[in-house]
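K.L.:
Predicted model and sequence below, questions to follow.
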Amino acid sequence: MGVFTYEDEVTCSIPPSKMFKAGIIDSDNLIPKIMPQAIKCVEILQGDGCPGTIKKIHFGEEIDAIDKENFTICYTVIEGDILTGDIESISHELKVVGYGDGGCIYKNISKYHTKGDAQVCEDHVKGGKEEALALFKAIEAYVSAHPDEY
């Protein structure tokens, strides 16, 4: 099995606690509301949101670890269209850290686990980054427009 890793960071003016709560803790409710074209619904197949929870979105994901005090989550995509023929799974480590005057940096490390010695197509990674950025910006816009909700 091969592993291809990429890192990405996005900054915004929302405090880390609000972005973590909206983008991670309440994502099952918020994302279908603000981006129904991306995610129509989230079904919890097993668990209660803690490590070991398995969710079905348009893909299956398993929460490996979550730290609500330090605004981090680790999860693995284990099934779905996002896993092309040569990709076995994709693990993500997301961390929201304070930045500037009350804003935050959303840090993401993604590891593509391939079958055998297969390589990851750069276009696949680029598409994933673009989708993640669009989602992040939608969450940021929602939290900015509804500051008392989170």
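P.N.:
Noted; the coordinates are in hand.
K.L.:
can you tell me how far residue 113 sits from residue 18?
P.N.:
With distances taken as C-beta to C-beta, to the nearest Å, residue 113 is found 32 Å from residue 18. Any C-beta I mention is one placed from the backbone N, CA and C, and that applies to glycine too.
K.L.:
counting contacts, what elements does the worst-scoring helix or strand of the chain on mean pLDDT pack onto?
P.N.:
Lowest by mean pLDDT, DSSP states H and E among the helices and strands of the chain is strand 54-56, with a mean of 79. Counting contacts by 3 or more C-beta pairs under 8 Å, 6 or more residues apart in numbering; DSSP states H and E, strand 54-56 packs against strand 43-46, strand 59-67.
K.L.:
roughly how far is it from the heart of the chain?
P.N.:
Its chain's C-alpha centre and that of strand 54-56 lie 13 Å apart, by C-alpha atoms, centre = their mean, to the nearest Å.
K.L.:
partner strands of that strand, parallel or antiparallel?
P.N.:
Strand 54-56 has the following sheet partners, assigned by DSSP bridges: strand 43-46 (antiparallel), strand 59-67 (antiparallel).
K.L.:
related to what we said a few turns ago, among the helices and strands packed on strand 54-56, where is the model least confident on average?
P.N.:
Of all these, strand 43-46 carries the lowest average pLDDT, namely a mean of 82.
K.L.:
So what touches that strand?
P.N.:
With contact meaning C-beta atoms under 8 Å, 6 or more residues apart in numbering, strand 43-46 is reached by 28, 52-56, 60.
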